[in-house]
Each structure stands twice: as C-alpha cells, then as structure tokens.
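S.K.: model this:
(one chain, ligands or ions: 1)
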Amino acid sequence: MAACEFSFAFARAIRYRRGMKLYRFRYSPYARKVQMMLELAGLRHEVVEVRYGEREELAQLTGGYFHVPVLVLDDGEVVTESRRICERLAGHPEARHLVPAPLHAAVWAFHDFIEGPVEDVLFRIASPAVRAKWPTAWERALYTLIKERKFGVGCVDAWDAARPELIQRARSVLEPARQTLAAQRFVFGDAPTLADVALYGQWAMLEAEAPELLDQISPVFVAHARRVEQARPSR
Ligand SMILES: N[C@@H](CCC(=O)N[C@@H](CS)C(=O)NCC(=O)O)C(=O)O
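M.R.: Model (predicted):
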C-alpha cells in the first residue's frame with residue numbers, strides 16, 4: 001500500500017473512531033431518513049431512542065431544542081434539523097454517492113417534495129397509530145396537545161375517521177413515484193440516492209406503528225422499502 005493511501009485510511013479510521021450519535025423517535029420520518037443515510041453510507045453511529053415524554057438529555061444537549069432528529073458528529077458538534085443534517089452527511093466521501101453530482105438539483109427537489117406535500121398527508125395517516133402506541137397516558141396526552149395546538153382540537157381523532165380519504169390523497173400525490181418505482185429499483189435508476197432515503201423515512205413512519213398502512217397506499221412502496229434496506233452495506 002502506498003504511503004498516502006495508508007495515511008488516508010488511518011486518518012479516516014481515527015475520524016470515525018468515536019462514531020456519531022443519532023437521537024430519534026422510532027416513528028419519526030425525519031430521524032429514520034437520517035438513520036438510513038448513515039446506514040447506506042456505512043458511517044458508524046449509535047442510535048439513541050428518545051422517550052417521547054422524557055427529553056431532558058436532548059434539551060441539555062441542544063440548549064433547548066427538543067425535536068428529533070439530532071445528530072452529534074464525531075467531533076461533538078450537535079446538528080439539528082434533518083435537512084441540515086443530510087447536507088452535512090452528504091459532504092462525507094462515504095455518502096457522496098447518495099447525492100450524485102449530475103442529479104444534485106433533482107435529488108434535493110425530490111427530497112423537498114417528500115418533506116412537503118407527501119409528509120403533510122402521510123403524517124396524518126400515521127398519527128392515530130403513533131399516538132396509540134405511546135406507552136403512557138402522559139405521552140399520549142402530550143402528543144395530542146402538540147398536534148392540537150397546531151391543527152386544532154380533535155385533529156388526531158378526525159384523521160383517524162378520515163383515513164380512507166387520506167389514503168386516497170396519498171395515492172394521488174405519490175402516483176408519479178409509484179409509476180417510477182414499479183418500473184425501476186430506485187427513484188433515479190439502479191442505485192439508491194437521498195430521494196429514496198427521504199421516501200424511506202416516510203415508509204418507516206407508516207410501518208413503525210401500523211405495518212399495514214404502507215401496503216394500503218401501494219405494495220410497490222413496500223417493495224421499495226425492502227430494496228432500500230437491502231442496499232445497506234453488510235457490517
Ligand atoms: N424540520 C424538522 C422537524 C423535526 C420534527 O418535527 N420532529 C418531530 C418528530 S417527526 C418531533 O420531534 N416532534 C416532537 C413532538 O411531537 O413533540 C426536521 O426536519 O428535523
């Protein structure tokens with residue numbers, strides 16, 4: 001091995017020795033997106049499962065921000081907001097293939113489309129199941145309060161009642177993605193990109209607490225979720 005190759009490998013080993021730390025809720029589409037990006041890039045990290053009703057460590061770490069995801073980098077820097085975290089990760093040599101140069105604009109545009117109109121309907125579909133799975137009455141009440149302050153009293157129950165219509169809306173907004181993924185393995189061809197990772201975050205949210213929901217939107221998306229998982233490098 002040439003000297004420069006050796007020192008590059010050594011520097012990388014040192015840099016990733018500590019690994020990163022990802023704070024998440026199991027159902028969070030933003031956190032699951034970041035987690036899948038780390039996994040597809042093969043970047044060493046530890047996952048910290050945050051309890052919905054107990055966020056002291058998170059708030060201490062961030063100086064008061066108590067949403068997930070939060071990523072602590074190898075050097076101890078704390079990064080919040082999933083888009084910013086993905087931008088930072090995309091700068092790692094190991095993750096560059098997830099935002100390939102000729103597709104920068106298209107990949108980020110697709111990412112933002114998923115975090116916009118797609119998330120806007122899918123989180124309403126997932127919310128009743130997410131709330132039901134919190135283990136304590138306090139966490140279910142907190143979840144309800146947070147949603148109701150933003151979307152109005154009774155919103156989670158209303159989304160539960162409106163599930164068939166919401167599923168129709170999800171099918172409609174996702175139809176172009178369904179057609180593409182029925183014809184090819186990933187959004188931009190044979191290899192996964194951040195576009196697939198963003199979709200995967202949404203699939204993980206739906207499958208986390210109510211595995212049948214994603215299939216109800218389309219079995220094509222269930223197959224896509226499994227392909228993204230299989231694309232992870234073996235450890
Ligand atoms: N724009 C933020 C959104 C983060 C966010 O809203 N996370 C949700 C989980 S999906 C959260 O932490 N919610 C806290 C709560 O419901 O109290 C990002 O992309 O990271």
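
S.K.: element containing the residue nearest to the spatial centre of the chain?
M.R.: Centroid-nearest residue in the chain: K33, 2.1 Å away (criterion: C-alpha atoms, centre = their mean). According to DSSP states H and E, K33 maps onto helix 29-41.

S.K.: could you name the helices and strands sitting against that helix?
M.R.: strand 20-24, strand 45-49, helix 82-90, helix 119-133, helix 194-209 (3 or more C-beta pairs under 8 Å, 6 or more residues apart in numbering; DSSP states H and E). The C-beta positions use only the backbone N, C-alpha and C, and glycine is treated the same way.

S.K.: quick one: name the residues of this protein near the ligand.
M.R.: When proximity is defined as C-beta under 6 Å from any ligand atom, the chain approaches the ligand at 25, 28-30, 67-69, 81-83, 146.

S.K.: farthest-apart pair in these, please.
M.R.: R83 and I146 (20.8 Å; C-beta to C-beta).

S.K.: looking at these two, which is more packed in?
M.R.: R83 (15 against 11; other C-beta atoms under 10 Å).

S.K.: please report how far the more buried one lies from L38.
M.R.: From R83 across to L38, the span is 15 Å (C-beta to C-beta, to the nearest Å).

S.K.: quick revisit: tell me the angle of the helix holding K33 relative to strand 20-24?
M.R.: 150 degrees (axes from the mean of the first three to the mean of the last three C-alpha atoms, to 10 degrees).

S.K.: give the buried residues for helix 29-41.
M.R.: 29-41 (16 or more other C-beta atoms under 10 Å).

S.K.: equivalent analysis for stretch 205-215, please.
M.R.: Buried, per 16+ other C-beta under 10 Å, within stretch 205-215: 205-210, 213-214.

S.K.: next one: stretch 86-104
M.R.: In stretch 86-104, counting by 16+ other C-beta under 10 Å, buried: 86, 89-90, 92, 94-95, 98-99, 103.

S.K.: ok, so of those residues, who is nearest the ligand?
M.R.: Nearest to the ligand among the buried residues of stretch 86-104: C86, at 9.0 Å, using C-beta to the nearest ligand atom.

S.K.: got a list of what the closest one touches?
M.R.: C86 sits next to 33-34, 37, 111, 194, 197 when contact means C-beta atoms under 8 Å, 6 or more residues apart in numbering.

S.K.: hmm, try it at 6 Å
M.R.: Shown in contact with C86 (C-beta atoms under 6 Å, 6 or more residues apart in numbering): M37.

S.K.: ok, longest helix in this protein?
M.R.: Counting residues, the longest helix found in the chain (DSSP state H) is helix 163-183.

S.K.: who are the packing partners of that helix?
M.R.: helix 119-133, helix 212-217, helix 219-230 (3 or more C-beta pairs under 6 Å, 6 or more residues apart in numbering; DSSP states H and E).

S.K.: give me the angle between that helix and helix 194-209.
M.R.: On the basis of the same axes, to 10 degrees, helix 163-183 is oriented at 140 degrees to helix 194-209.

S.K.: buried stuff in helix 163-183?
M.R.: For helix 163-183, by 16+ other C-beta under 10 Å, it's 166-167, 169-170, 173-174, 177-178, 180-181.
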